[in-house]
Each structure stands twice: as C-alpha cells, then as structure tokens.
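*Asks:* Sequence and predicted structure below; questions after.
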Amino acid sequence: MEADFSQQVYQVVKLIPYGRVTSYGAIAKYLGTARASRMVGWALNKCGSSGENIPAHRVLNRKGLLTGKAAFAGEKVMQELLESEGIKVKDDQVVDFEKVFWDPFELDKEII
DNA sequence: TGCATGACCTGAG
DNA sequence: GCTCAGGCCATGC
C-alpha cells in the first residue's frame, strides 16, 4: 500500500501541478532512491495496470524527452496532452523544459 | 534463490 | 560539446 514504491511514485506524479513537468530522477530523489530512477519509469509503466489515473505524460527524463510516450495509447497522445496543458513539445522533446520543470521538493517549500 | 529486465542518471573519453 | 559505457534499485519469472 503506502510502502509500495509504485504507490509512492503515483502519489508524487498526481501532485504535479497543471502545466508543469518533472523528471524521473527528481521523483526518485524525492522518494529517497535517486539511484533507482529507473524504477520510477517502471512504476509508471504499471500505472495502467494499477487502475489509477496517473498523468505520466508530465513525467519526462532529465533531457525533457518523451521517453515514455510508447506506454500511452498513442505516441502522439503524450504530446497532445502536454500541448493541451500549454507545454510546447517539439521532436518528442519539451520546449523550455527548464521553465516548466517542477520539483517535488517545492511541495515541502510550500509547507514550510 | 537467482537471473534478467527496465519510461534512468552520472562519469569519463 | 557530444557520445559511450557502467551502475544503481525494484520487480517478475
């Protein structure tokens, strides 16, 4: 349940604000397993089987590349979703990735 | 129990 | 500055 790594990832991904994106490494680091960044992607890969609606399209790699677009219904679905939120995507890559980048640690900042 | 895989990240050449 | 290779953790069979 809560202790499940996958659930932890889903929780963070669902906390991503509208029009913002984050990287697998950022989530992994937030969970305390920065070296298990690969697990983050895997957890999202099972998001469909988990029965939860996870905005995995907001999660990209460190380069802002839509590496997980293949896990969606269509390779263009992920891009459409991002563009729908105001995020520009070109060549399977997010434009101004640094500007739309969002760190899970910002949540703690708000709490503080 | 052990091996192989994975939507990654970091370091070195 | 770019490219190649290795390593990390968690899950499935």
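*Replies:* Everything's here; your move.
*Asks:* Closest residue of chain A to DNA strand C?
*Replies:* Proximity of chain A to DNA strand C (C-beta to the nearest atom of the strand) peaks at A:Ala36, 3.4 Å away. Glycine gets a C-beta too; all of them are placed from N, C-alpha and C.
*Asks:* what sits against that residue?
*Replies:* A:5, A:28 (C-beta atoms under 8 Å, 6 or more residues apart in numbering).
*Asks:* if we go to 7 Å?
*Replies:* Contact partners of A:Ala36, counting by C-beta atoms under 7 Å, 6 or more residues apart in numbering, are A:Ala28.
*Asks:* Where does the residue of chain A found nearest DNA strand B sit: helix, strand or coil?
*Replies:* Closest residue of chain A to DNA strand B, C-beta to the nearest atom of the strand: A:Gly68 (1.7 Å). Following DSSP: H, G, I helix; E, B strand; the rest coil, we place A:Gly68 in the helix state.
*Asks:* Show the pLDDT at the nearest residue to A:Ile16 once chain neighbours are set aside.
*Replies:* Excluding its sequence neighbours, the residue lying closest to A:Ile16 (C-beta to C-beta, 6 or more residues apart in numbering) is A:Arg58, at 4.6 Å. For A:Arg58, the pLDDT comes out at 95.
*Asks:* coming back round to it: please work out how many residues are found near the residue of chain A closest to DNA strand B.
*Replies:* 18 (other C-beta atoms under 10 Å).
*Asks:* just the one 5 residues further on next, same as before
*Replies:* When neighbours are defined as other C-beta under 10 Å, A:Ala73 has 8 of them.
*Asks:* Over to it. Which of the three states is it?
*Replies:* coil.
*Asks:* so the residue of chain A closest to DNA strand B touches A:Ile54, yeah?
*Replies:* No - contact criterion C-beta atoms under 7 Å: A:Gly68 and A:Ile54 do not qualify, at 10.9 Å.
*Asks:* shared neighbours of those two, anything?
*Replies:* Looking at what touches both A:Gly68 and A:Ile54 (by C-beta under 7 Å, 6+ apart), the common residues are A:Leu44.
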